[in-house]
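Participant: From the sequence below, what's the structure:
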Amino acid sequence: MPKLNATHIPERLKEVIEQLERGEEVEPKKNKTLLNAEQQKALEDAWEEQQALRKKHKPPKTEEEKKKIGWKDKREVRIDIYKQAYAQSQTNVVDDIRELQRQREVKAADVYLDAYFGAKPGQDKDSAGNIAMTRAGFSPSHSRVSERDKEVFELEEQLRKQFESELSDEEKEQLDLLKEHEKAVAKRKK
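Facilitator: Numbers count the residues shown, from 1 in each chain. Sure, this is the predicted structure:
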């Protein structure tokens, strides 16, 4: 089973909270897989606090007494800690995704550089790096634009301008409406 990353944990925490609130039993090993070391320590401390409370007080008979002395069973303690962990995971989601992206970029660079410097004599090193990246499941970056590509882009732009100048007034109006619509759609996507 693949290791959970930061994007999986909030969903899993929510599932566990729902299970606990329904009264279903959740295995204790979930504490280690879903909670970080700090949260695990908070869970242990909260339960030790409840055990100390049990030594001082008799078990309460009503809900009012429970609330008054802060009495909780193991399930309620786990629910509280899991809810705190879920809230914390929601606040860190953007940073977690950025970290995952950084790790992915580092892996891709490692694959590329290993193949680049491991290329056989006479073999195109850049091509070897790109092939290795594709085999590893990464898309190679093709940020270089050749002179021919530039010429093609310029020619396309000239043709577009020529065709637009030959349009009738009604067609120009339709083209303007289309451009405004595309801008509005692009703005909504942001």
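
Participant: make it CA atoms for all contacts and neighbour counts henceforth
Facilitator: Fine.

Participant: lowest average confidence, helix or strand, in this protein?
Facilitator: helix 63-69 (a mean of 75; mean pLDDT, DSSP states H and E).

Participant: How far does stretch 160-173 stretch from one end to the other?
Facilitator: 16 Å (C-alpha to C-alpha, to the nearest Å).

Participant: quick revisit: quick one: distance of the least confident helix or strand of the chain to the chain centre.
Facilitator: Mean C-alpha position of helix 63-69 versus that of the full chain (C-alpha atoms, centre = their mean, to the nearest Å) differs by 41 Å.

Participant: list the buried ones in the longest helix seen in the chain?
Facilitator: When the chain is parsed with DSSP state H, its longest helix is helix 93-117. Residues of helix 93-117 classed as buried: 96, 108-109, 111-113, 115-116 (neighbour count, 16 or more other C-alpha atoms under 10 Å).

Participant: got the buried residues for the next helix or strand after it?
Facilitator: Following helix 93-117 in sequence order, the next helix or strand is helix 125-135 (DSSP states H and E). By neighbour count on 16+ other C-alpha under 10 Å, the buried set for helix 125-135 is 125, 128-133.

Participant: now do stretch 21-41
Facilitator: 31, 34-35, 39-40.

Participant: Now intersect those with the strands, please.
Facilitator: In strands, judged by DSSP state E, none of the buried residues of stretch 21-41 are found.

Participant: any idea which of those residues is closest to residue 14?
Facilitator: residue 34 (10.5 Å; C-alpha to C-alpha).

Participant: and the closest residue to the closest one other than its chain neighbours, how many neighbours does it have?
Facilitator: Leaving aside its chain neighbours, residue 34 sits nearest to residue 9 (6.3 Å; criterion: C-alpha to C-alpha, 6 or more residues apart in numbering). Neighbour count for residue 9, taken as other C-alpha atoms under 10 Å: 18.

Participant: Could you measure from residue 9 over to residue 24?
Facilitator: 20 Å.

Participant: How about residue 45?
Facilitator: 23 Å.

Participant: and what of residue 130?
Facilitator: In this view, residue 130 and residue 24 are 50 Å apart by C-alpha to C-alpha.

Participant: In contact with the residue nearest to residue 72 when sequence neighbours are not counted, which residues are there?
Facilitator: Excluding its sequence neighbours, the residue lying closest to residue 72 (C-alpha to C-alpha, 6+ apart) is residue 50, at 6.8 Å. When contacts are counted by C-alpha atoms under 8 Å, 6 or more residues apart in numbering, residue 50 touches 71-73.

Participant: now swap in residue 128 and tell me
Facilitator: Residue 128 touches 112, 115-116, 119, counting by C-alpha under 8 Å, 6+ apart.

Participant: ok, of those, which one's closest to residue 185?
Facilitator: For the contacts of residue 128, the nearest to residue 185 is residue 112 (36.6 Å; C-alpha to C-alpha).
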